[in-house]
Every structure is written in C-alpha cells, then in structure tokens.
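In: Structure of the sequence below:
(one chain, ligands or ions: 2)
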Amino acid sequence: MCKSPFHPLLQALPKCEHHMHIEGALSPDLLFDLASRNDVSLPGNDESFASPSALHNRYKRFTSLDDFLQYYYIGMSVLINESDFEDLAWDYFQKAASGGLAHAELFFDPQAHSGRGVGVSTVVRGFDAARRRAEEELGVSSLLTPCFLRHLPAEDSLSAFRDPVLQQYFASGSLIGVGLDSSEADNPPKLWRAIFEEAGKLGLKKTAHAGEEGPPEYVSEALEELQVDRIDHGVTLARNPTIMKEVARKGVMLSLCPKSNVVLRCVQNIQQVPIRTYLDAGVNFSINSDDPAYFGGYILDNFCEVHEAFDLSLEEWTHICKTAIEGSWCGRARKDELLHKLEKVLKDWNAQN
Ligand SMILES: Nc1ncnc2[nH]cnc12
Ligand SMILES: [Zn+2]
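Out: Residues are numbered from 1 along each chain as shown. Ligands and ions are numbered 1, 2, ... in the order given. Next up, the predicted model:
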C-alpha cells in the first residue's frame with residue numbers, strides 16, 4: 001500500500017496482467033509446505049533453504065536474472081501433483097485479486113516440469129482448476145501460455161513444442177500462445193524461429209522476453225524474426241531511440257515489470273524504468289508482476305511503486321489501463337466488460353474527488 005491519496009483509485013482500477021510466471025508465485029511458505037507434503041529434499045548445502053524466512057531474505061539479494069533463475073528452478077522441484085499446481089495458482093489469484101486484478105495472462109515453463117518427470121497434463125489440469133475457480137469466485141478471467149527455455153538448446157524447445165499433449169492443448173484453445181523466457185544474455189531470439197513459425201501457422205499468439213538484460217536489438221530481432229505480437233520487458237529499448245520509435249509506430253505492447261527490473265538489477269531503482277520515456281514516445285505498455293513471490297510484490301504493488309516514482313495523472317493511469325485492456329488476448333466481449341468496469345471506477349472516483 002502506498003501513501004498517495006491516489007491509493008484507493010490504484011487499488012480499484014481493473015487490472016490486466018500479461019507477464020506473470022505462475023511458478024514465480026511460489027511463496028517460501030508454500031514451497032516449504034509442498035516440500036514436506038511431497039517429501040522433496042531442498043538443497044542442504046545452501047543455508048538459504050534453512051527456513052522460509054531465510055529463503056525470503058535471500059530473495060532480497062539477487063544479483064542478476066541468472067542468480068534468481070537458479071532459485072526459481074530449485075523452487076519448482078516441490079511441484080509434483082495436479083493439486084500442487086492448483087494450490088499455487090489459487091494462491092496467486094487470491095493475492096492478485098485483492099489488489100484489483102481483473103484479467104491475467106499467465107506463463108508457465110513446461111520444460112522445467114517435463115525435465116523432472118512431471119507431464120504437461122498434470123500441470124495444465126492443476127492450473128485449469130484454479131483458473132475456473134478464479135473466474136467463478138473472484139470474477140478474474142485468465143489465459144495460459146507455455147514459454148520455452150532459452151538456457152536449453154533450441155532443439156529441446158522445438159521437441160517440447162511438438163509434444164502431442166501440448167499440441168492438443170493448443171488445438172483445444174486451452175493454451176493461447178507461445179512465449180520465450182529464461183536466460184537472455186547471449187541467447188538471441190532468432191535461435192527459436194522454428195517454434196514461432198510453426199506457432200504462427202497454428203494461429204497462436206506469440207510473445208518473447210526481450211530487452212530485459214539483453215540489448216534493444218533483441219527487441220527488433222524478436223519482432224522481425226519471431227513475428228511476436230508482444231514484447232515481455234523491453235526495459236532496455238529506451239536505449240535505442242530508432243528501435244523505440246519503430247515499436248511505437250507498430251503499436252506493439254511491452255509487458256513491463258518494474259519491481260522485477262529493480263530486484264534483478266536491470267535498473268538501479270524504479271525511477272530508472274523508462275515509464276515517462278515510453279509515455280512520451282507513445283510506446284504501449286502494461287504493468288506486471290513477473291514473479292511476485294520472488295520480487296516482493298503483486299500487481300498492485302507495482303502500480304503503487306510506479307505511481308510514487310512518476311506521480312502519474314488520472315489521465316495517464318486511464319491510458320495505461322485502457323492500453324492493457326486493449327492489448328489483452330481475450331475476446332472483444334471480455335475487453336468491453338473490462339472497459340465498462342474501468343469507466344465505472346473512474347466515474348465513482350470523479351464523483352468523490
Ligand atoms: N524475469 C524473467 N526473465 C526471464 N525468464 C524468466 N522466468 C521467470 N521469470 C523470468
Ligand atoms: Zn518474465
């Protein structure tokens with residue numbers, strides 16, 4: 001919660017999140033509970049795993065994306081059964097909905113589970129159970145996208161993409177698109193071109209992490225070589241005005257993750273996230289939590305920190321929320337419902353202020 005008089009408005013705004021790795025919602029408490037439930041032993045040689053609070057403290061000292069990813073992949077080892085994935089996603093939906101989440105487009109990493117013998121149907125069935133419950137009990141809609149891991153060879157990603165079970169989920173509409181995540185440095189997007197070409201032929205949505213730690217040229221490469229509809233992060237894009245102008249011209253949306261960028265040291269503080277630069281340059285963006293259990297905050301916390309750093313106006317918040325709604329991959333009917341909710345929140349706010 002921030003101290004701004006705007007806080008009640010920030011809380012009430014109907015939020016769309018497009019960049020949230022469900023495995024990144026695994027809190028230290030749930031991680032320890034699941035480790036005990038599933039009899040999974042945590043690394044004995046790392047004192048960060050001595051207790052949930054020791055782990056929580058370690059999360060305050062990440063030095064880079066790869067330093068974080070090491071903990072992120074170890075954390076996942078406790079996720080074994082369908083009910084574990086359901087509990088994880090349900091925990092996320094409850095916490096994010098309390099901060100005004102209305103629609104979530106969620107990533108997961110199938111290779112990080114299949115590599116440990118947990119099949120994609122176990123993962124998707126668990127998430128789907130939580131997604132149905134979120135829709136019924138919280139009024140939160142959601143979509144699910146598998147991401148492919150760029151720290152592994154691109155051929156591994158291609159076989160994971162071609163897994164018949166995954167293909168069946170694409171065909172049925174349970175999975176909406178494809179994404180690309182994990183270690184960015186020295187892993188240029190073009191190496192994953194084959195997957196994105198096949199995904200395009202299947203009519204799937206396409207997105208890729210680019211310009212998080214990597215250079216702005218990875219953003220243009222993802223757009224040109226992978227033909228992505230969206231860019232995840234793009235925080236380094238502001239360093240190249242030519243590419244930035246092209247992104248603005250094309251109307252491509254960036255899914256920015258302000259707290260993540262600070263915690264993983266892509267920027268020194270929230271003020272350095274180029275929010276003002278992108279608003280001025282007409283670059284579309286949404287504000288997202290990335291891995292909320294690791295980075296110390298859900299979507300509302302990201303809204304609050306951005307507001308405190310940039311003192312945005314009512315018009316600017318309205319623009320950000322509308323861009324996020326229009327940039328979502330849900331259908332027109334759901335977008336209209338979300339726009340309607342937004343109008344109502346703004347009307348109530350204006351009536352009271
Ligand atoms: N911030 C991030 N960047 C790349 N891959 C990720 N996987 C989970 N979080 C990620
Ligand atoms: Zn991410």
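In: What is the helix or strand where residue 242 lies packed up against?
Out: Using DSSP states H and E, residue 242 sits in helix 241-250. In terms of contacts (3 or more Cβ pairs under 8 Å, 6 or more residues apart in numbering; DSSP states H and E), helix 241-250 is packed against helix 217-225, helix 275-281. C-beta coordinates here come from the backbone N, C-alpha and C atoms, glycine included.
In: now with 10 Å?
Out: The helices and strands touching helix 241-250, judged by 3 or more Cβ pairs under 10 Å, 6 or more residues apart in numbering; DSSP states H and E, are helix 217-225, helix 275-281, strand 284-287.
In: ok and it relative to helix 217-225, angle-wise?
Out: Inter-element angle recorded for helix 241-250 and helix 217-225: 40 degrees (by axes from the mean of the first three to the mean of the last three Cα atoms, to 10 degrees).
In: Return the set of buried residues in helix 241-250.
Out: Neighbour-count burial for helix 241-250 flags 243-244, 246-248 (criterion: 16 or more other Cβ atoms under 10 Å).
In: Toward the C-terminus, what is the element adjacent to that helix?
Out: Assigned by DSSP H and E, the successor of helix 241-250 is strand 253-256.
In: Do me a favour and average the pLDDT over the longest helix along the chain.
Out: For the chain, the longest helix by residue count, based on DSSP state H, is helix 332-352. Mean per-residue pLDDT for helix 332-352: 98.
In: same for that helix, what does it pack against?
Out: Where contact means 3+ Cβ pairs under 10 Å, 6+ apart, helix 332-352 is packed against helix 7-12, strand 15-21, strand 101-108, strand 141-149, helix 314-326.
In: Is the third one in proximity to ligand 1?
Out: No. Using Cβ under 6 Å from any ligand atom, we find that strand 101-108 stays clear of ligand 1, coming within 7.4 Å at best.
In: That strand versus helix 314-326: what angle between them?
Out: Using the same axes, to 10 degrees, the inter-axis angle of strand 101-108 relative to helix 314-326 is 50 degrees.
In: neighbours of residue 351, just the number please.
Out: Close neighbours of residue 351, defined as other Cβ atoms under 10 Å, add up to 7.
In: meant to ask about residue 16
Out: By other Cβ under 10 Å, the residues close to residue 16 number 29.
In: who in this protein is up against ligand 1?
Out: Applying Cβ under 6 Å from any ligand atom, we find that the chain lies next to ligand 1 at 21, 24, 65, 72, 181-182, 209, 212, 260, 290-291.
In: what about 5 Å?
Out: By Cβ under 5 Å from any ligand atom, the part of the chain that sits against ligand 1 consists of 21, 181-182, 209, 290-291.
In: and which of the residues you listed is nearest to residue 51?
Out: Closest approach to residue 51 among the residues of the chain next to ligand 1 (Cβ to Cβ): residue 291, at 20.4 Å.
In: Residue 302 is in contact with that closest one, correct?
Out: No. The pair residue 291 / residue 302 is not scored as a contact, 11.8 Å apart, by Cβ atoms under 10 Å.
In: who touches both of the two?
Out: The contact sets of residue 291 and residue 302 overlap at 257, 259-260 (Cβ atoms under 10 Å, 6 or more residues apart in numbering).
In: Any of the residues you listed buried? List them.
Out: In the shared contacts of residue 291 and residue 302, the ones that pass as buried (16+ other Cβ under 10 Å) are 257, 259-260.
In: if we look at the sheet, which residues does the residue of the stretch 101-250 of the chain found nearest ligand 1 bridge to?
Out: Nearest to ligand 1, among the residues of the stretch 101-250 of the chain, is residue 181, at 3.5 Å (Cβ to the nearest ligand atom). Under DSSP bridges, the beta-bridge partners of residue 181 are residue 149.
In: count of neighbours near it?
Out: Per other Cβ under 10 Å, the neighbour tally for residue 181 reads 26.
In: ok, it - contacts?
Out: Applying Cβ under 10 Å, 6+ apart to residue 181 gives the contacts 19, 21, 65, 69, 107-109, 112, 146-151, 207-209, 212, 232-233, 290.
In: Now restrict the residues you listed to buried residues only.
Out: Buried subset of those (neighbour count, 16+ other Cβ under 10 Å): 19, 21, 65, 69, 107-109, 112, 146-150, 207-209, 212, 232-233, 290.
In: re the thing from before, among the buried ones among the shared contacts of residue 291 and residue 302, which one lies nearest to ligand 1?
Out: Using Cβ to the nearest ligand atom, residue 260 is the member of those that lies nearest ligand 1, at 5.3 Å.
In: Could you verify my assumption that that closest one touches residue 298?
Out: No. With contacts counted by Cβ under 10 Å, residue 260 stays clear of residue 298, the gap being 11.9 Å.
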